[in-house]
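Visitor: Predicted model follows, preceded by the sequence.
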Amino acid sequence: MAEPLVSLRGLTVDFDTGKRVVRALHGIDLDVAPGESVGLVGESGCGKSVTWLAALGLLGRQARIGGEVVLAGRNLVGAPTAELERVRGRRIAMIFQDPSSSLNPVHRIGWQIGEVVGLHRGLTGAAAEAETLRLLDRVGIADAARRLGDYPHELSGGMNQRVMIAMALAGQPDLLVADEPTTALDATIQAQILELLGEIRRETGMGLVLISHDLGVVAENTERVCVMYGGRIVEDAPIDDIFGAPAHPYTKGLLAALPGLDGPRRPLVPIAGVVPEPWNLPAGCSFAPRCGDRIAACEIAPPASELLAADHHVACIRAVEGRTWSRA
Amino acid sequence: MTAALLEVSDLSRQYQVRRGAWPFGRTATLHAVDGVSFQLQAGRTLGLVGESGCGKTTTAKLVLGLVAPTGGEVRIAGELLPATRSMEWRALRRRMQMVYQDPLGALDRRLAVGRQVMEPLAIHGIGEGTAHRAKAIAVMEAVGLAEHHFDRFPHELSGGQRQRIVLARALILDPQLLVCDEPISALDVSIQAQVVNLLLGLQARLGLAYLFISHDLRMVRQVSHEVAVMYLGRIVEQGEPDSLFATPAHPYTRALVSAIPAPGRTSRRRIVLAGEPPNPVDRPAGCSFHPRCPHAIERCRSETPLLRPLADGRRAACHRAEELTASLAA
C-alpha cells in the first residue's frame, strides 16, 4: 500500500461524564491512502462518527483522546489549535448528516461559502464570489448566481447538502469525511448526492471516508469497508470480501438482517440481543454475548485484529482459527 | 372474495395554503392526497412507498379518521368511517391502531410502560380494571417482553424494546388493522429485523392486516403482499411486490428501485432523476412526474394518466407503461 495520507494509531476516546469516565473508542488503527475511499459502518453508538470527530479535534473538553493521528508526519492529537485549523477543511474536510442544522440559518449561503473560500484560499471580493459561483455550479446547483442570496431554509435538504459539499470542497481537501451524508434525504435525492460525490472524486482524486449505517450505500461508493462494533473495528476488508466472504459474526449478522431485492423471500435472521452500553462492555469480545459462535475463550479478552487474507483483517478468534475452511 | 377489511375509495384531502407573505399572496390549494383508492384484506399487508411529502402519512391519518377527508370514503369491513369523532368513530377506531416511527416520541416518558400498554382498555372502557394488568402482561409477552418490564420507564428500554411497547399498546384492543408509519426507520439494522419478524409472526398468528408505510423498499418487499407507490398525492403504481420491483412499469417506480443501494450491483447503471419533487401546490399539469421523467412525451405534459390495469394485473398511471415494461423485459 502507498504511504497513507492519514493514519490513526491506537486512537482512544474517553468521555468524562462527571460521574464516571466512559471509553467510547478502544484503540482504532486505520490508514487511509491518498485518493482511497473507505466506508465505516456500524450501528448507532459504535463509534464511527466519534472516530473522525476525535481525529479532527472536534470533540470538546469532556473528551480525552489518546493514541495518534498522523498526517504528513505530524501527530494531530494534542496539537495546538492553530495547527489543527490548518488541517480542518484544508487537508481533511467533513460533512454531516443534517445539512440544515450544520448551516447558519441567519446567513445567506453565498456568504457562508464565501467565508470558507476566504479562510482557506485567501480570496476576497470578486475573486471570492467567482470561486463561490464555481463551487455552487460544481455541486450541481442550477442558477447558482441567484441562489447565492438564498437562506438555508429556502433550499431543500438535498440542495443544502450540496451547499455543504461546496463548502467542504472550498479548501480543496485531500480527504472528505462524509458522516451519514444522505441519511436525512429521500431515496432519489440520495442517489443524486452519492453520484455527485463519486464524480468529484474521479475529477479531483480526493479521498473519501463514508460513514454510514447503510451497508448498501457503503458497498456502492467505497473500495474498502471497516465494520465497527462497541468502539472497535471488528473487520476491515475490501468491499468484495465483506459481501462475498464476511468473516466476523457481526458482519455476517448485519448481512443476514438485510432483506434482498429479488429472489425468494427468506426470513430475516436478526442478531439476538442489543448493543451493550459503552460503560457496561463485557470483559472479552464485546460481541460475544450476542454471538452464536461464542466459545469460552471469547469471554476472556478482546480479540486482537489479525490478518485473514490480503488486506482482510478481522478481530475474531473463531474466524481466525477457521480461516483454512471458511475461505475454501 | 370476501368483503375487504379496509376499503378506501377516491380518498382526497386538500389544504388551503397561502402563497407569499401575509397579508399579500393568494390562497392556493395543496392536494396532499388526491383520489387514492385501494383495498386491504384481513391478514394481508399493503406497503405504501414514496418520498417525503408524497402523501403517505396523510393517507394513514385519513384511514384512521384522524384527519377528515375532503372527498371519498373509508370503509372498515363495510362500515363507513364517520368524518366526525362520534361514538361510531370510536367504536371503529378500536379495530384499527397506529404504530409510529419514533417510539420515544409516541410514549409518555413519565409513565411506566405497562400503564401505557393498558391505558387503551380504560379509554374504551373494556373489562374490569383489575383484569387490565394481566391482559397488558399477556400482550407484552406476545411481543417478546417480560413481566418485569411492566414498571420500567421508556428511557430504561432500548429502541427495539420501546417499539415493542408501542406495538403492545396497539395490540391490546385486539385490532384487525395496524397502520404502521415507518415503524422501523428509527431502529438499528440488527433490531429492524427483530421487529419485522415480530410483525410477520403476529400477522400469521392473529390474522392482522397491515398498512405498512416505509421509504425502505427492501423492507416493504419483505413484508408486503401488495405495494402502492405514491407520488405527489396519487398512487402511480400498484401491484404484487415481486413484479413491481423486478419490472417497474412507472418510470418513478423504476427510479426508486434503481436508487436502492445494493451490494454487487455496481455494474448496473443507476437512474438518477434530475431535480426534486415539485411543491405539491405547484403540481405540474398532465402527469405530475413529467418534468423529472426521462421518458416524457408531449402527451404527458397535457393529459393526466389514470391508474389503469396492465396485462399482468398490476396497475400503473403512465401513458407509456406497456412500452416501458416491454423494453425492460427485452
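Guide: Great, that's in hand.

Visitor: and the residue nearest to A:Ile95 when sequence neighbours are not counted, how far is that from chain B?
Guide: The shortest distance from A:Ile95 to any non-neighbouring residue, by Cβ to Cβ, 6 or more residues apart in numbering or on different chains, is to A:Met164 (4.7 Å). Any C-beta I mention is one placed from the backbone N, CA and C, and that applies to glycine too. Distance, A:Met164 to chain B, by Cβ to the nearest Cβ, to the nearest Å: 16 Å.

Visitor: is it true that A:Met164 touches A:Pro99?
Guide: Yes. Here A:Met164 reaches A:Pro99: they are 4.7 Å apart, a contact under Cβ atoms under 8 Å.

Visitor: near chain A, which residues of the stretch 1-150 of chain B show up?
Guide: B:51-52 (Cβ under 8 Å from any Cβ of the partner chain).

Visitor: need the helices for the stretch 1-150 of chain B, in chain order.
Guide: Ranges of helices within the stretch 1-150 of chain B are B:56-64, B:87-93, B:103-106, B:113-123, B:129-142, based on DSSP state H, counting those that start in this stretch.

Visitor: Name the stretch among the ones you listed that sits most buried.
Guide: Counting by mean count of other Cβ atoms under 10 Å in any protein chain shown, helix B:56-64 has the highest mean neighbour count of the helices of the stretch 1-150 of chain B, with a mean of 22.

Visitor: Need the contact partners of that one.
Guide: Residues from elsewhere that reach helix B:56-64, judged by Cβ atoms under 8 Å, 6 or more residues apart in numbering or on different chains: B:6, B:8, B:11, B:13, B:32-33, B:36, B:48-50, B:67, B:69, B:74, B:93, B:96, B:98, B:179, B:181, B:211, B:213, B:230, B:233.

Visitor: quick one, phi psi at the residue minimising distance to the centre of chain A?
Guide: Residue closest to the average C-alpha location in chain A (Cα atoms, centre = their mean): A:Ile211, at 2.8 Å. Per-residue torsions, A:Ile211: phi -100, psi 120 (degrees, to the nearest 10).

Visitor: Give me the pLDDT for it.
Guide: Looking at A:Ile211, its pLDDT reads 94.

Visitor: Confirm for me that it is in contact with A:Thr183.
Guide: No. Taking contacts as Cβ under 8 Å, A:Ile211 lies outside contact range of A:Thr183: 9.7 Å.

Visitor: got the contact list for the residue nearest to the centre of chain A?
Guide: Counting by Cβ under 8 Å, 6+ apart, A:Ile211 makes contact with A:39-41, A:48-49, A:52, A:177-180.

Visitor: chain center to stretch A:259-276: distance?
Guide: For stretch A:259-276, the gap between its own C-alpha mean and the chain's C-alpha mean amounts to 24 Å (Cα atoms, centre = their mean, to the nearest Å).

Visitor: any idea of the mean pLDDT in that stretch?
Guide: Computed over stretch A:259-276, the mean pLDDT rounds to 83.

Visitor: in that stretch, what's buried?
Guide: Residues of stretch A:259-276 classed as buried: A:259, A:261, A:268-271, A:274-276 (neighbour count, 16 or more other Cβ atoms under 10 Å in any protein chain shown).

Visitor: what subset of those residues is also close to chain B?
Guide: Among the buried residues of stretch A:259-276, proximity to chain B is found for A:259, A:261, A:268-271, A:274-275 (Cβ under 8 Å from any Cβ).

Visitor: can you pull out the strands in chain A?
Guide: Here chain A has its strands, by DSSP state E, at A:6-16, A:21-32, A:37-41, A:63-71, A:74-75, A:92-95, A:175-179, A:207-212, A:224-229, A:232-238, A:306-309, A:312-314.

Visitor: what are the C-alpha coordinates of stretch B:8-15, in CSV please?
Guide: The C-alpha coordinates for stretch B:8-15 follow below in CSV (Å, rounded to 0.1, in the frame of the first residue of the first chain):
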residue,chain,number,x,y,z
VAL,B,8,-60.6,3.2,0.5
SER,B,9,-62.2,4.8,-2.5
ASP,B,10,-61.3,8.0,-4.2
LEU,B,11,-59.9,9.5,-1.0
SER,B,12,-58.8,13.1,-1.2
ARG,B,13,-57.5,15.7,1.2
GLN,B,14,-56.8,19.3,0.3
TYR,B,15,-55.4,22.1,2.3
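
Visitor: what ranges do the helices span in chain A?
Guide: Counting by DSSP state H, chain A has helices at residues A:48-55, A:81-87, A:99-102, A:109-121, A:125-138, A:144-147, A:157-170, A:187-204, A:215-221, A:239-244, A:249-256, A:317-321, A:323-326.

Visitor: Same list as before, those that is, but in JSON lines and with mean pLDDT, distance to B:Leu206 and mean neighbour count included.
Guide: Formatted as JSON lines, the helices of chain A follow (pLDDT from 0 to 100; distance: least, Cβ to Cβ, whole Å; neighbours: other Cβ atoms under 10 Å in any protein chain shown):
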{"stretch": "helix A:48-55", "mean pLDDT": "93", "distance to B:Leu206": "38", "mean neighbour count": "24"}
{"stretch": "helix A:81-87", "mean pLDDT": "90", "distance to B:Leu206": "58", "mean neighbour count": "13"}
{"stretch": "helix A:99-102", "mean pLDDT": "84", "distance to B:Leu206": "41", "mean neighbour count": "18"}
{"stretch": "helix A:109-121", "mean pLDDT": "93", "distance to B:Leu206": "52", "mean neighbour count": "20"}
{"stretch": "helix A:125-138", "mean pLDDT": "92", "distance to B:Leu206": "54", "mean neighbour count": "17"}
{"stretch": "helix A:144-147", "mean pLDDT": "88", "distance to B:Leu206": "53", "mean neighbour count": "15"}
{"stretch": "helix A:157-170", "mean pLDDT": "92", "distance to B:Leu206": "38", "mean neighbour count": "24"}
{"stretch": "helix A:187-204", "mean pLDDT": "90", "distance to B:Leu206": "32", "mean neighbour count": "18"}
{"stretch": "helix A:215-221", "mean pLDDT": "87", "distance to B:Leu206": "32", "mean neighbour count": "22"}
{"stretch": "helix A:239-244", "mean pLDDT": "90", "distance to B:Leu206": "37", "mean neighbour count": "19"}
{"stretch": "helix A:249-256", "mean pLDDT": "91", "distance to B:Leu206": "26", "mean neighbour count": "22"}
{"stretch": "helix A:317-321", "mean pLDDT": "88", "distance to B:Leu206": "39", "mean neighbour count": "19"}
{"stretch": "helix A:323-326", "mean pLDDT": "52", "distance to B:Leu206": "41", "mean neighbour count": "11"}
